[in-house]
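# sharing a sequence plus its predicted fold:
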Amino acid sequence: MNKIKTILMGTPEFAEKIFRKSYPVLQNNFEITHIITAQDKPIGRKQILIPSPVKQFAQEKNIPILQPDKIRKQEWIEKLKQLNPELIILCAYGQIIPKEILDIPKYGALNIHPSLLPKYRGASPIHQAILNGDESTGITLMLMDEQMDHGNIISQKEYKIKNNITYKELENELTDIALNLLIESLPNWIKNQKSIEQNHEKATFCKMIKKQDGQIDWNNTAEQIHRKIRAYHVWPIAYTVFKNKQLKILEAETKKENTNNQSGTVLNDLNIQTKDNILIIKKLQLEGKKPMISKEFLNGYPDIVNYVFE
RNA sequence: CGCGGGGUGGAGCAGUAGUAGCUCGCCUGGCUCAUAACCAGGAGGUCGUGGGUGCAAUUCCCACCCCCGCAA
C-alpha cells in the first residue's frame, strides 16, 4: 500500500510539538509532502524575522515549506490543487482555510483542536479551560468545514485538569493527548471515515486574547485572579498597575482570609486583598525590571505595602 | 536607526561633584527550650566599559556593551 500523501499545517509551538512527536509514527503510512505554516514574523526589540516553530521543524526534517500570506488567494488554492494531497492535518495554523482547499484531499482536512468540541470553538480553548476553572478538557480530532471548529467529530480524548495548572503545563499535557489521539484515530479514519456531527446547540466560543485581557480586576475573587495568572502565564501575562508602571504577576497563591480592606490593597508580604480572599503574590516583574520573587521585590520597594491597586 | 526604563557590595533598591547608604542575606557574639524572632558587632563595592570636561566624577558630556518593558 502506498503511503498517503499528506500536508501538515500549523504554526506555533503547540503544533510543532505534536508534529514533531507524531512524525516518526506518521512516516510509516503517510508521506509528509509539505508543511504549510505562517510567514516569518519580526520578533523582539530588533525586529528580527523569526520562522515559526513549525517551520523550524520542517527545516530540520527537510520537508518542503509553504508560507502563504493569505491562503484564500487563488494562486494558493491552485498551488494546493496542484500538490493534490490526499490528507491534510492542521493544528493551530492561524488562517481560515477556504472550502476549495478543504475539498481537495480525499481523506479530508483534519483539525486537531485542544478542547472537547463543541465546547470552546475558537482561538483560545486552552486558556479558557483554565480561566473557567474546568475540571477537564481535552482534544478533538475533527473534519474541517467552512465554519470555524464546526465540522464533524472524528474522535475525542478527555483530560482531567490538575489543580493549579498553568497554561504551559496544560499545553504540554494536551500535546501528549493530541499525539495519542491522532495516532490512534488515523488508521480507522482512513479505513472507514466515520465521523459524527457536533451538537451545535451546545457550542461555546472563546475569543482571541488581547494584551488588555491580562489586566487584573481586584474586585474579582482570589480564585478568579489566580486562574487568570495561571492561564495567561506565557502570554499576555496577568498584570496590575503600580505607580503608573505595569506590574506583571507571574506566580501567586490564594489564602482564605478576608481583612475587609478595599480590594487591591497590599497587605504585608505582598498579600493582596481581593473581593473575597487574599491573593499572595510569589513572583512578579515590574516594567523595565527582571522577574523577581516577592521577597526580593519588597527589599527594594517597601513602600508598596498599603498601596492600593486599581 | 521603532518607543521607553535600567546597569551601585551576594539579592533588591536609594543617593551625591569631593571615592557611597538602606532592606534582605552572610559571618561572629548574646538572648532563648528553640527559632525563619530579637539584641550587639562584623565582613563584603576601584558605583557596566572606554573616552572627555573639572582641582576633583560613581555623580556632567560622548561613544559602546549588556539587561528589561512596550510595540510586533
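Looks like it came in fine.
# in three-state terms, label the residue in the stretch 1-150 of chain A that RNA strand B sits nearest to for me.
Residue of the stretch 1-150 of chain A nearest RNA strand B, by Cβ to the nearest atom of the strand: residue A:45 (3.9 Å). (C-beta placed from N, C-alpha, C; glycine too.) Taken by DSSP: H, G, I helix; E, B strand; the rest coil, the conformation at residue A:45 corresponds to coil.
# buried stuff in the longest helix that chain A contains?
Longest helix of chain A, by residue count under DSSP state H: helix A:167-192. Residues of helix A:167-192 classed as buried: A:167, A:170-171, A:173-175, A:177-179, A:181-182, A:185-186, A:189 (neighbour count, 16 or more other Cβ atoms under 10 Å).
# same check, this time on stretch A:205-223
Buried residues in stretch A:205-223, defined by neighbour count with 16+ other Cβ under 10 Å: A:206, A:209, A:213-214, A:216, A:218, A:220, A:222.
# and these, which is closest to residue A:51?
Closest to residue A:51 out of those is residue A:209 (22.9 Å), distances taken as Cβ to Cβ.
# tell me which helix or strand the closest one sits in.
Secondary-structure assignment from DSSP states H and E places residue A:209 in no helical or strand segment.
# was I right about it contacting residue A:232?
Yes: the criterion here is Cβ atoms under 8 Å, and residue A:209 meets it with residue A:232 at 7.4 Å.
# what do these two both touch?
Common contacts of residue A:209 and residue A:232 (Cβ atoms under 8 Å, 6 or more residues apart in numbering): residue A:127.
# residue A:90 sits in which helix or strand?
Going by DSSP H and E, residue A:90 is in strand A:87-91.
# how about the closest residue to RNA strand B within the stretch 101-250 of chain A: what's its closest non-neighbour residue?
Distance from RNA strand B to each residue of the stretch 101-250 of chain A (Cβ to the nearest atom of the strand) is smallest for residue A:211, at 4.2 Å. Excluding the flanking residues, the one nearest residue A:211 by Cβ to Cβ, 6 or more residues apart in numbering is residue A:236, at 4.6 Å.
# quick one: distance of the strand holding residue A:90 to the chain centre.
A distance of 17 Å separates the C-alpha centroid of strand A:87-91 from that of its chain, computed with Cα atoms, centre = their mean, to the nearest Å.
# what's in contact with it?
The list of residues contacting strand A:87-91 from outside it, by Cβ under 8 Å, 6+ apart, reads A:4-10, A:14-15, A:18-19, A:30, A:97, A:101-102, A:104-112, A:144, A:178, A:182, A:190.
# same question for stretch A:296-304.
Here stretch A:296-304 has contacts from A:242, A:266, A:269-270, A:284, A:286, A:305, using Cβ under 8 Å, 6+ apart.
# now do 6 Å
With Cβ atoms under 6 Å, 6 or more residues apart in numbering as the test, stretch A:296-304 has contacts from A:266, A:284.
# and if you look at stretch A:52-65?
Everything outside stretch A:52-65 that qualifies as a contact, by Cβ under 6 Å, 6+ apart, is A:10-11, A:13, A:15-16, A:19-20, A:32, A:34-35, A:37-38.
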